[in-house]
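Undergrad: predicted model, plus sequence, below.
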Amino acid sequence: MTAQQPAPSSAIEVRDAQRVFRSRSGMFGPERHVRAVDGVSFSLAAGDVLGVVGESGCGKSTLARMILGLLPLSVGEILVDGQSLAAMDRRERARLIQPVFQDPYSSLNPRQTVADIVALPLRAQGNIAAGEQRDRVMEMLRRVGLGPDHASRLPAQLSGGQRQRVAIARALVLRPRIVVCDEPTSALDVSVQAQILNLLADLRQELGLTYLFISHNLAVVEHIATAVAVMYLGRFVEQAPTADLFGAPAHPYTRALLASVLTPEPGLPIPDVGLGDQYPDPANIPPGCRFHPRCPVARDTCARETPPERTSGARRVACILEIAA
Amino acid sequence: MIRLPSGKHIATGVGAGIVAIVSLVAIFAPLLAPQDPFVQNLNARLIVPAWMDGGSPAHWLGTDQLGRDYLSRLIHGARISMLIGVLVTIISGLIGITLGVLAGYFGGKTDDAVMFVITTRLSIPLILVALTVVALVGSSFMVVILTLGLLLWVQFAVVARTTTMQVRNLDYIAAAQASGASRVHVLLREVLPNILTPLVVVATLEIALAILLEAALSFLGLGVPPPWPSWGLMIAEGKDFMFFSPWIIMVPGVALFVLVLGINLLGDGLRDLFGTGRTQ
Amino acid sequence: MSTPILDRPVLDIADLRVDFGTVAAVRGVSLHIARGETHCLVGESGCGKSVTALAVMGLLARNGRLQARHIRFQDHDLLGLKESGLARLRGDKMAMIFQEPMTSLNPAYTVGSQMAEVLRHHRGLKRTAALDRAAELLSRVGITAPGLRLGQFPHQLSGGLRQRVMIAMALLCDPELLIADEPTTALDVTVQAQILRLLQQLQRDLGLALLLITHDLGIVARMAHQVSVMYAGEVVETGKVAEVFGNPTHPYTRGLLECIPIPGKVKRGDRLGSIPGVVPRIQAGFTGCGFRDRCAHATVACTATIPLQQAESGHRYLCRLDPAWTRQAA
């Protein structure tokens, strides 16, 4: 690919990101290649929210770690504000991108106090005075709805929702450009999920943040995202602005996902999504279109040829079928 | 914390008590010992302990073949055992934990290398190494400590490696890395504090092992040299008098047994209290 | 959905209470399920729904203390049964499936041996006959090539397949009651729909009474005939699904429904409804409403015993507020 100039206002741009894991069973077993992320490209403008939806095995968590700089890319590059992520040192990267993880019980060091946990990104910068660190930590705790008395507590003394607030405070204390939220509410109770989602939405407004929001919960994504990408076996099969994707899903997998959502409306049946019972295995990606073994409308060509990505306005779809109105 | 059944409570308490008493004896040995353990009195050789016929309160545990007061030798011997136990454990702990954490954290080739070193070390018999070292360098306090310290780190390494591998995949490690923390910080401040609990249990049991091994080496003449009152050496020196003056080997033998039992009971109790090597 | 047969209930629980030391996990749960009926027990973590199921099956942890006015399964008085009596019913006429199929199937044995063991234990079948029956049930739950699957180990199957195996195992002895504790929570959403459809179809074909435990109100709406909403160990609202969802009367139920964004009906920028505070842990000796610390309508009266009121016939809720209060709410 020829080197292109990054889109001028994009906070983050990902170009053909790929990541392969090699695993070997036993010392003499055959080597397996797991193509966890198999060519993802997108760009996200400052202040927007890209929702990434997909099921297990689609590679969204691997993608998250690559964007956080925790996992090197096998192929491709990631540009943040025009600069290559791989070329940054750890401190610069920390100032630009921060995570909020799914499990509030394993994302906080059980042996450290809340204040120490939230202060870590500040300490790691190496040039912020202790007094200023303390002030910024307190301010951040206040912003996420925790009081100063929480600062000296240990994670074990907090509820799931409170821990997630601490995780958010830690992520935002350096005022990063981009926050990667990897299923930030999936492990929480429903009544608490809404609290945290409202908090994330508020903070985005107040601090002008850009989110990459990964979730399997389509309704939540529709609520918070400006654009949505649907991921399947390591690739985006559809990307579109939120209203377009939910209003008129084009890719058969997107349609199946949306149809599977069970809304709390009594009297409606459980939908027959028609996907068959094969399951996606990133170690055995099907030839041709990777979705064809489960696709309810697959044609013969789908098993032979990888579908091109077709663009229509702001929407991109990897399917040979016409986008139905 | 898990509630232990009461039998375990008592056992752990007994173990802790024994370790505490022996530690105090070791620390305050010069104050507690009635006489100098090195002073020989050839007129007072092989006097029986005070509770037997012919014994006297002047020598509660009698004297050995060179007339040295046995109680004093026992007390100073406690010092040697505890000192060697603790120093060996510190040295082997530093080596083992470092190797284990590096192997568990970095995986890949580092892990392969450390596993190779562990396998190599396990295939070398301890006594052979001790013999060789002593033949080359002679035996002394420092030689014993260094030899045992450089050989007994395997248990530390294995437990450190496994627990590090468990902790490594937790999100707070990824969050610390994403926060910009250096690798050193992540290893020392994020990983290490969370793997300490099972390592404390290993350390307790290593002390017991080191004490027993020192006694074995000294018994074979490869350990602490005479006239130091190492309990193993006392047993060795007493074996010639086993039939007529049995207390010479029984006193240090029983002391060794009680100390190692106490340490093991304490270690078992700690292990039950904290959970078996799983991080919390 | 199938129509339930409304004669004597298959499962009848009256005033179940379960304590673990000083913690009151279940504080007076009553419900009944008829043949062919799906009753959903819905609530968030810590509300006591799983403990209720385990209490019925006799699978409580050692320090759990159970009391009830009665727990009846068909003609059996479960409270009066000894462990051996319960063990005869478990896996036979009363079956349970759990959330995590990976940990409920023994990873060291093949699917076939685990299923055959159930048949050997309860029906005394020999190995060949047991495996035949097992294969028959695997096809029943939609697993292709059942012979192949019988020889496989759990880790060789996907999550959806494992859960189907669990369901097949539960059905081996023609149960009359199936208790499913969050059966699809660990599965992908596309697989979830398949498994739920399967449960519905099996219920139609076999006339099962199904006690379905979940935190997902969408599942409740689509699957259940009756629903009991649990909070802090009590059933705070119960009734036919259409009535409870159409006219949620207890403040907790209303709050919960407002928290859930519905795709297509939610707009970006809208705030999601939420319930402030956290789910409490109730200690023994607690009186009054467990929800009062989080309820916008709480008063001093909520510390006293709360009446069980009727919103509509069969639709009951545990709150001192008048049934018509929802019409006055903004």
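TA: On my side now, so go ahead.
Undergrad: from here on, contacts and neighbour counts on C-alpha atoms
TA: Noted.
Undergrad: quick one: contacts of stretch B:138-155?
TA: Stretch B:138-155 has contacts (CA atoms under 8 Å, 6 or more residues apart in numbering or on different chains) with B:84, B:87-93, B:95-97, B:118, B:121-122, B:126, B:130, B:133-134, B:202, B:206, B:210, B:214, B:222-225.
Undergrad: so how many other residues sit close to the residue of the stretch 101-250 of chain C found nearest chain A?
TA: Closest contact between the stretch 101-250 of chain C and chain A, by CA to the nearest CA, is at residue C:218 (3.9 Å). If you count neighbours by other CA atoms under 10 Å in any protein chain shown, residue C:218 ends up with 19.
Undergrad: coming back round to it: out of the contacts of stretch B:138-155, which are buried?
TA: Among these, those buried by neighbour count (16 or more other CA atoms under 10 Å in any protein chain shown) are B:84, B:87-93, B:95-97, B:118, B:121, B:126, B:130, B:133-134, B:202, B:206, B:210, B:214, B:222-225.
Undergrad: what separation do you get for residue C:311 and residue C:39?
TA: Using CA to CA, to the nearest Å, residue C:311 is found at 19 Å from residue C:39.
Undergrad: so who does the residue in chain A that chain C sits nearest to touch?
TA: Among the residues of chain A, residue A:264 lies closest to chain C, at 3.9 Å counting by CA to the nearest CA. Neighbouring residues of residue A:264 by CA under 8 Å, 6+ apart: C:217-222, C:262.
Undergrad: in JSON lines: the residues you listed, plus secondary structure.
TA: Listed next are these as JSON lines, based on DSSP: H, G, I helix; E, B strand; the rest coil:
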{"residue": "C:217", "secondary structure": "helix"}
{"residue": "C:218", "secondary structure": "helix"}
{"residue": "C:219", "secondary structure": "helix"}
{"residue": "C:220", "secondary structure": "helix"}
{"residue": "C:221", "secondary structure": "helix"}
{"residue": "C:222", "secondary structure": "helix"}
{"residue": "C:262", "secondary structure": "coil"}
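Undergrad: of those residues, which is the most crowded?
TA: Of all the contacts of residue A:264, the highest neighbour tally under other CA under 10 Å goes to residue C:220, namely 28 neighbours.
Undergrad: for stretch B:78-96, what is the distance to the chain centroid?
TA: Centre-to-centre, stretch B:78-96 and its host chain are 6 Å apart (CA atoms, centre = their mean, to the nearest Å).
Undergrad: what do you get for stretch C:198-212?
TA: Relative to the mean C-alpha coordinate of its chain, stretch C:198-212 is positioned 13 Å out (CA atoms, centre = their mean).
Undergrad: so what's the most centrally placed residue in chain C bridging to?
TA: Nearest to the geometric centre of chain C sits residue C:213, at 2.2 Å (CA atoms, centre = their mean). Going by DSSP bridges, residue C:213 is paired in beta bridges with residue C:41, residue C:181.
Undergrad: in the stretch 1-150 of chain B, what residue lies closest to chain A?
TA: Closest point on the stretch 1-150 of chain B to chain A, by CA to the nearest CA, is residue B:108, at 11.4 Å.
Undergrad: count of neighbours near that residue?
TA: Using other CA under 10 Å, residue B:108 has 10 neighbouring residues.
Undergrad: now residue C:166
TA: Applying other CA under 10 Å, we find 24 residues neighbouring residue C:166.
Undergrad: so which strand or helix has it?
TA: Assigned by DSSP states H and E, residue C:166 belongs to helix C:159-171.
Undergrad: tell me the helices and strands packed up against that helix.
TA: Counting contacts by 3 or more CA pairs under 8 Å, 6 or more residues apart in numbering or on different chains; DSSP states H and E, helix C:159-171 packs against strand C:94-97, helix C:101-104, helix C:111-123, helix C:127-140, helix C:189-206.
Undergrad: what comes into contact with it?
TA: C:91-92, C:95-97, C:101-102, C:105, C:111, C:115, C:118, C:134, C:137-138, C:140-143, C:154, C:178, C:183, C:186-187, C:191-192, C:195.
Undergrad: could you show me where the helices are in chain B, in order?
TA: B:6-27, B:29-32, B:70-106, B:108-122, B:126-137, B:141-151, B:154-168, B:171-178, B:183-185, B:192-219, B:231-238, B:247-274 (DSSP state H).
Undergrad: again with chain A
TA: A:60-67, A:90-96, A:114-125, A:130-143, A:160-172, A:190-207, A:218-224, A:242-247, A:252-260.
Undergrad: what is the burial count for residue A:255?
TA: When neighbours are counted by other CA under 10 Å, residue A:255 comes out with 15.
Undergrad: pLDDT below threshold where in the stretch 151-300 of chain C?
TA: For the stretch 151-300 of chain C, the stretches with pLDDT under 70 are C:264-269.
Undergrad: mind running it again at 90?
TA: Applying pLDDT under 90 to the stretch 151-300 of chain C flags the ranges C:155-162, C:173-174, C:184-195, C:202-204, C:206, C:215-216, C:255-290, C:292-300.
Undergrad: and it, which residues reach chain A?
TA: Selection of the stretch 151-300 of chain C residues close to chain A by CA under 8 Å from any CA of the partner chain yields C:158, C:188-190, C:192-194, C:196-197, C:215, C:217-223, C:241-242, C:245, C:255-256, C:259-264, C:266-276, C:278.
Undergrad: how about the helices of chain B in CSV, adding mean pLDDT?
TA: Formatted as CSV, those follow (pLDDT from 0 to 100):
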stretch, mean pLDDT
helix B:6-27, 88
helix B:29-32, 86
helix B:70-106, 93
helix B:108-122, 93
helix B:126-137, 85
helix B:141-151, 89
helix B:154-168, 95
helix B:171-178, 95
helix B:183-185, 94
helix B:192-219, 90
helix B:231-238, 87
helix B:247-274, 88
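Undergrad: make TSV out of those helices and add distance to residue A:194.
TA: Shown next, in TSV, are these (distance: least, CA to CA, whole Å):
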stretch	distance to residue A:194
helix B:6-27	47
helix B:29-32	66
helix B:70-106	36
helix B:108-122	42
helix B:126-137	62
helix B:141-151	56
helix B:154-168	30
helix B:171-178	23
helix B:183-185	35
helix B:192-219	32
helix B:231-238	68
helix B:247-274	37
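Undergrad: spatially central residue in the chain, please.
TA: With no chain named, the answer covers chain A. With distances taken as CA atoms, centre = their mean, residue A:214 lies nearest the centre of chain A, 3.1 Å away.
Undergrad: other chain: chain B
TA: residue B:207 (2.2 Å).
Undergrad: who's in contact with the nearest residue to it once chain neighbours are set aside?
TA: Counting by CA to CA, 6 or more residues apart in numbering or on different chains, residue B:207 lies nearest to residue B:85, which is 4.6 Å off, once chain neighbours are set aside. Neighbouring residues of residue B:85 by CA under 8 Å, 6+ apart: B:206-211.
Undergrad: do that again at 7 Å, thanks
TA: B:207-208, B:210-211 (CA atoms under 7 Å, 6 or more residues apart in numbering or on different chains).
Undergrad: re the thing from before, give me the buried stretch members for the helix holding residue C:166, please.
TA: By 16+ other CA under 10 Å, the buried positions in helix C:159-171 come out as C:159-171.
Undergrad: C-alpha coordinates for that helix, CSV please?
TA: Taking Å, rounded to 0.1, in the frame of the first residue of the first chain, the C-alpha atoms of helix C:159-171 are listed here in CSV:
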residue,chain,number,x,y,z
GLY,C,159,-20.2,-23.3,24.2
GLY,C,160,-23.5,-23.7,22.4
LEU,C,161,-23.0,-27.4,21.8
ARG,C,162,-22.0,-27.9,25.4
GLN,C,163,-25.1,-26.3,26.6
ARG,C,164,-27.2,-28.5,24.3
VAL,C,165,-25.4,-31.5,25.8
MET,C,166,-26.3,-30.2,29.3
ILE,C,167,-29.9,-30.0,28.2
ALA,C,168,-29.9,-33.4,26.7
MET,C,169,-28.4,-34.8,29.9
ALA,C,170,-31.1,-33.1,31.9
LEU,C,171,-33.8,-34.8,29.7
